[in-house]
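>>> quick check, what structure comes out for this input:
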Amino acid sequence: MSTATLEQHRTGASFVGFAAWIAMAGAVLQFVLGIPLAYLQAETPLSAAIVALNILHHLLLMFGIVGLARSQAAGGGWLGKGGLSLSQLGFALLVVAEASWLFSTSATETLFGLATLVLLLGLILAGIAVVRAGRWKGWHRFTPLACGVFIAVVVLPSFALPGYASNYAIGLWGVCWFLLGLSLLAEAR
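Have a look, this model is predicted:
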């Protein structure tokens with residue numbers, strides 16, 4: 001391995017490690033916003049501070065997806081590239097949806113629904129690509145897929161339940177993201 005190639009690998013690994021820490025910070029913020037601060041998330045209208053924190057945690061998790069892409073865990077095929085791109089788009093739509101909430105636009109609910117479906121599809125496709133590529137070993141290889149499957153199995157059904165159920169489900173989704181961050185960190189080494 002040439003020194004230039006070795007240096008590129010080190011730089012890529014350090015970026016992925018940094019992205020892992022950013023994703024874990026976003027996951028912790030998501031957990032806190034979803035569970036201990038669920039009552040603030042359920043207020044109408046939402047405070048600007050809560051909306052700003054929601055936007056921040058979406059951006060932090062989006063950075064985690066960039067780290068996942070840079071880790072090359074999903075391989076080089078269309079499935080991984082498409083899934084990672086859709087995941088990025090889903091988070092971008094969530095940021096726009098959160099911002100539109102501040103302005104009480106009629107598109108807010110539509111944007112949230114679309115973002116959720118795009119994220120669901122993107123994370124499942126990216127997760128399948130990571131599992132198929134086999135570059136990550138053990139439980140790490142299933143964490144991107146878990147982030148997507150959690151939306152379908154827990155988050156979406158929680159919207160049919162009363163009270164803070166959906167807030168709690170979104171908060172628990174942060175555990176999946178934290179595990180993804182840990183996987184990125186471990187695999188970057």
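>>> so where's this protein shaky on pLDDT?
Along the chain, segments meeting pLDDT under 70 span 1-12.
>>> how about the helices of it, start to end?
For the chain, the helices defined by DSSP state H occupy 3-34, 38-41, 48-71, 78-102, 108-133, 143-150, 156-158, 165-188.
>>> could those helices go into JSON lines alongside mean neighbour count?
Glycine gets a C-beta too; all of them are placed from N, C-alpha and C. As requested, those are exported to JSON lines (neighbours: other CB atoms under 10 Å):
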{"stretch": "helix 3-34", "mean neighbour count": "17"}
{"stretch": "helix 38-41", "mean neighbour count": "16"}
{"stretch": "helix 48-71", "mean neighbour count": "20"}
{"stretch": "helix 78-102", "mean neighbour count": "20"}
{"stretch": "helix 108-133", "mean neighbour count": "20"}
{"stretch": "helix 143-150", "mean neighbour count": "23"}
{"stretch": "helix 156-158", "mean neighbour count": "15"}
{"stretch": "helix 165-188", "mean neighbour count": "21"}
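>>> geometric centre of this protein: which residue is closest?
L61 (4.4 Å; CA atoms, centre = their mean).
>>> next one: it from Y39, what distance?
Remark: distance between L61 and Y39 (CB to CB, to the nearest Å) = 23 Å.
>>> try L29
According to CB to CB, L29 and Y39 sit 17 Å apart.
>>> next one: V28
According to CB to CB, V28 and Y39 sit 19 Å apart.
>>> before we move on, what about L121?
From L121 to Y39 the distance is 31 Å (CB to CB).
>>> could you do R189 as well?
For R189, the distance to Y39 equals 40 Å [CB to CB].
>>> one more: A74?
Taken as CB to CB, the span from A74 to Y39 is 38 Å.
>>> same deal with L119?
From L119 to Y39 the distance is 25 Å (CB to CB).
>>> what of A13?
41 Å.
>>> next, L37: phi, psi?
phi -100, psi 20 (degrees, to the nearest 10).
>>> am I right that it is in contact with N54?
No - the pair L37 and N54 fails to qualify as a contact (CB atoms under 8 Å) at a distance of 10.4 Å.
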